[in-house]
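>>> Here is my input, please return the structure:
(chains A and B)
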Amino acid sequence: AQSVTQPDIHITVSEGASLELRCNYSYGATPYLFWYVQSPGQGLQLLLKYFSGDTLVQGIKGFEAEFKRSQSSFNLRKPSVHWSDAAEYFCAVGGLLSGGYNKLIFGAGTRLAVHP
Amino acid sequence: GAGVSQSPRYKVAKRGQDVALRCDPISGHVSLFWYQQALGQGPEFLTYFQNEAQLDKSGLPSDRFFAERPEGSVSTLKIQRTQQEDSAVYLCASSLEVRTYNEQFFGPGTRLTVL
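Have a look, this model is predicted:
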């Protein structure tokens, strides 16, 4: 069965420190991978996505993610965190098993807190 | 140029009441999705529309849940005889085309609380 695991429920970092949020997936075909961010009272905003090609993808707000097929991982990184990055982050997987449309499977999310 | 909008933003219902949640997708978007997000969880797929056709309702938790998109734009998610376990945020998303790599744009959600 398809699934997404985000092992860290909460992460706290200091402003200016680097960040890595982990995501592991299980998918029976080539996955399409996504990272979304959700701020309180806001909808989900797409940070970046991976479909094929270069395994290191760049997104908005200075985020990047690396697809590692051998590890079934798609970890999100940022070299220097800003206080405004405090939010909940969701990894999601979709693809050809979705029936031709993009039915996404989400992880449980990682809540990021940023200390000044 | 507005994004996806949802109404109401908050809904409190007594157990057993019927509720209707509305989604206005981005104009011209073919695909429309409903997701349910329980507290502390990621969104879970409920149903999918391609224009007015409901092509996938595999995620609807029971026959108390019903969704429609009669003219291929606005969609309504209806929950009959609400139960406490229905309390969640209901998210609507739309995308321009059908292809699996198209970005989904999410609305702010409707937070439903069933007392």
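
>>> Okay, and the beta partners of the residue in chain A that chain B sits nearest to?
The minimum distance from chain A to chain B, using Cβ to the nearest Cβ, falls at A:F106 (3.3 Å). Just so you know, the C-beta spots here come from the backbone N, C-alpha and C atoms, and that holds for glycine as well. Note on A:F106: beta-bridge partners by DSSP bridges are A:A92.

>>> interface residues of chain A facing chain B?
Within chain A, the positions lying close to chain B (Cβ under 8 Å from any Cβ of the partner chain) are A:4, A:32, A:36, A:41-46, A:49, A:51, A:90, A:92, A:94-96, A:98-109.

>>> Quick check: nearest residue in space to the closest residue to chain A within chain B, chain neighbours excluded?
With Cβ to the nearest Cβ, the shortest gap between chain B and chain A falls at B:G42, namely 3.3 Å. Closest residue to B:G42 apart from its sequence neighbours, by Cβ to Cβ, 6 or more residues apart in numbering or on different chains: A:F106 at 3.3 Å.

>>> list the contacts for the closest residue to A:L21 other than its chain neighbours?
Spatially, and ignoring its direct neighbours in sequence, A:L21 is nearest to A:L76 (4.3 Å; Cβ to Cβ, 6+ apart). Contact partners of A:L76, counting by Cβ atoms under 8 Å, 6 or more residues apart in numbering or on different chains, are A:L19, A:E20, A:L21, A:C23, A:W35, A:L47, A:L48, A:F63, A:E64, A:A65, A:Y89, A:C91.

>>> and the second one, how many neighbours?
A:E20 sits with 13 neighbouring residues when counted by other Cβ atoms under 10 Å in any protein chain shown.

>>> what do you get for the fifth one?
Residues within reach of A:W35, counting by other Cβ under 10 Å, total 25.

>>> Check whether it sits in a helix, strand or coil.
Following DSSP: H, G, I helix; E, B strand; the rest coil, A:W35 is assigned to strand.

>>> who does it bridge with?
Assessed by DSSP bridges, A:W35 has beta-bridge partners A:L48, A:C91.
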